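Q: Generate a structure from the sequence data that follows.
(2 chains)
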Amino acid sequence: MATSDKLSETLADRPDRLSALSHRSPLTGDDGLLMREATHLGKLVLRLAETEAETLKIKALEGAGLPTQPCRSSVSHTGTVSVLWLGPDEWMVVSQAGTEEALQTRLHSELSGRHFQLSNVTDYYTCIDIAGHQNREILMNLSTLDMHNRTFSAGQIKGSIFGHANAYVWQLHTEPGASEIFRLIIRSSMADYLWCLVSRSARLFGMPEDTPISGEKLVI
Amino acid sequence: MFVIDCPWCGERDMSEFSCGGEAHIARPEGSEQMNDEEWAQFVFIRKNSKGRYAERWNHAAGCRRWFNLLRNTATDQILAVYKMGDAEPNVSTEEPVTPSGEAPIGSGNDAVKLMKPGEAL
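A: Residues are numbered from 1 along each chain as shown, chains lettered A, B, ... in the order given. Below is the predicted model:
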């Protein structure tokens, strides 16, 4: 289920809410190459004992179980909620923009009585989507991760270092035959750095130069 | 640089990890009665051996979990990776010939390398 097209739609409802990369506009190149910010996605970090996660069924996640296999993610029946493995006892629940507070309340009531921690990190992180062919090469330039499709397939999420920035890279669940989309999950304060780094790397593969909305210079 | 096999994430570059020093150092019992020398032993004094060495590592950029790693410090050969709380596995490695000598494998520093009898340069 492609979650990518359901982004950013609610931004029009909240014109006062600026995302970390609101001064950067999406970039498009040849052959479907696309780079844009996925704004205001709901992000919750859930910590729970590893042993509980295996058997736990959480209704609020709409069929997306907590993945216990490292570096994997799961997606709900509707495709609107994804659960990403961040550590053996740590997950990130990614949902559509604006839904995170209701989801947090539902998760809280459903998990009550257990030993857990649930934090809303929606504005602490932002996401950069990279689509189009050669998006693996763009990322290969920036990190030591093995980006080959033999070791990095749909649904996988891995934390690594991109340039000087710590970030997670997640390959979205896409329908068979659809083009691959990689989503970088980056702390908001480092988002502009990573945007500039990725756009610079993408220029090697035919992406046009970034022209910031209000004339900001590229950081690097 | 070397590749570390994280117990959860698998093989990743060393730059994603940070080293937490020697492993298996338990906080002493009855610390309220310890004198300065005993405290110094616990806080500062490490084996710092050349050759086989058990260390704690943290996968800082990935899953952010701690684990233990058994490494040959002379060659950077990783002998074992095991989880926190597990006992040190019994793995043998090629030790340096002398305390100041380099191990016969893996080291590019031939200037200080001591040869074993019959070993070619």
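Q: make it CA atoms for all contacts and neighbour counts henceforth
A: Noted.
Q: Quick check: closest non-adjacent residue to the residue in chain B that chain A sits nearest to.
A: Using Cα to the nearest Cα, the closest approach of chain B to chain A is made by residue B:62 at 4.2 Å. Of all residues not flanking residue B:62 in the chain, residue A:159 sits nearest, at 4.2 Å (Cα to Cα, 6 or more residues apart in numbering or on different chains).
Q: ok, now residue A:94?
A: Once flanking residues are discounted, residue A:94 sits nearest to residue A:43: 4.7 Å by Cα to Cα, 6+ apart.
Q: which other helices and strands contact whichever helix or strand that neighbour is part of?
A: Per DSSP states H and E, residue A:43 falls inside strand A:42-48. Packed against strand A:42-48 by the contact rule (3 or more Cα pairs under 8 Å, 6 or more residues apart in numbering or on different chains; DSSP states H and E) you find strand A:90-95, helix A:100-111, strand A:116-120.
Q: Where does the prediction get shaky in the chain?
A: Chain wasn't specified; assuming chain A. A:1-15, A:218-220 (pLDDT under 70).
Q: hmm, I had chain B in mind actually
A: For chain B, the stretches with pLDDT under 70 are B:97-117, B:119-121.
Q: Now with 80, please.
A: Filtered on pLDDT under 80, chain B yields the residue ranges B:1, B:94-121.
Q: what about the helices in it?
A: B:36-43 (DSSP state H).
Q: Flag every residue of it that's near chain A.
A: B:8, B:9, B:12, B:13, B:16, B:61, B:62, B:63, B:64, B:65 (Cα under 8 Å from any Cα of the partner chain).
Q: okay, those in CSV with neighbour count and distance to residue A:194 next?
A: As requested, these are exported to CSV (neighbours: other Cα atoms under 10 Å in any protein chain shown; distance: Cα to Cα, whole Å):
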residue, neighbour count, distance to residue A:194
B:8, 17, 26
B:9, 19, 23
B:12, 19, 21
B:13, 18, 20
B:16, 22, 17
B:61, 20, 15
B:62, 24, 17
B:63, 24, 20
B:64, 18, 21
B:65, 19, 24
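Q: on that earlier part again, out of the helices and strands packed on strand A:42-48, the one nearest residue A:148 is which?
A: For the helices and strands packed on strand A:42-48, proximity to residue A:148 was assessed by Cα to Cα; strand A:90-95 is nearest, at 24.1 Å.
Q: of all the helices and strands packed on strand A:42-48, which lies closest to residue A:150?
A: strand A:90-95 (24.0 Å).
Q: What residues does residue A:184 make contact with?
A: Neighbour list for residue A:184: A:127, A:128, A:129, A:167, A:168, A:169, A:170 [criterion: Cα atoms under 8 Å, 6 or more residues apart in numbering or on different chains].
Q: out of the residues you listed, which touch chain B?
A: Restricting these to those adjacent to chain B (criterion: Cα under 8 Å from any Cα) gives A:167, A:168.
Q: Mind checking which of the contacts of residue A:184 are in strands?
A: Judged by DSSP state E, strands contain the following of the contacts of residue A:184: A:127, A:128, A:129, A:167, A:168, A:169, A:170.
Q: Which one of those residues is nearest to residue A:211?
A: Closest to residue A:211, out of all of the ones in strands among the contacts of residue A:184 and judged by Cα to Cα, is residue A:128, at 16.7 Å.
Q: Figure out how far stretch A:89-99 is from the centre of its chain.
A: 10 Å (Cα atoms, centre = their mean, to the nearest Å).
Q: now the end-to-end length of that stretch.
A: Taking Cα to Cα, to the nearest Å, the first and last residues of stretch A:89-99 lie 24 Å apart.
Q: Give me the contacts around it.
A: Contacts for stretch A:89-99 (Cα under 8 Å, 6+ apart): A:6-8, A:10-11, A:39-50, A:53, A:66, A:80-86.
Q: Just the buried ones out of those, please.
A: Buried by 16 or more other Cα atoms under 10 Å in any protein chain shown: A:7-8, A:11, A:39-48, A:53, A:66, A:80-86, out of these.
Q: Going by neighbour count, which of the contacts of residue A:184 are buried?
A: Neighbour-count burial (16+ other Cα under 10 Å) is assigned, among the contacts of residue A:184, to A:127, A:128, A:129, A:167, A:168, A:169, A:170.
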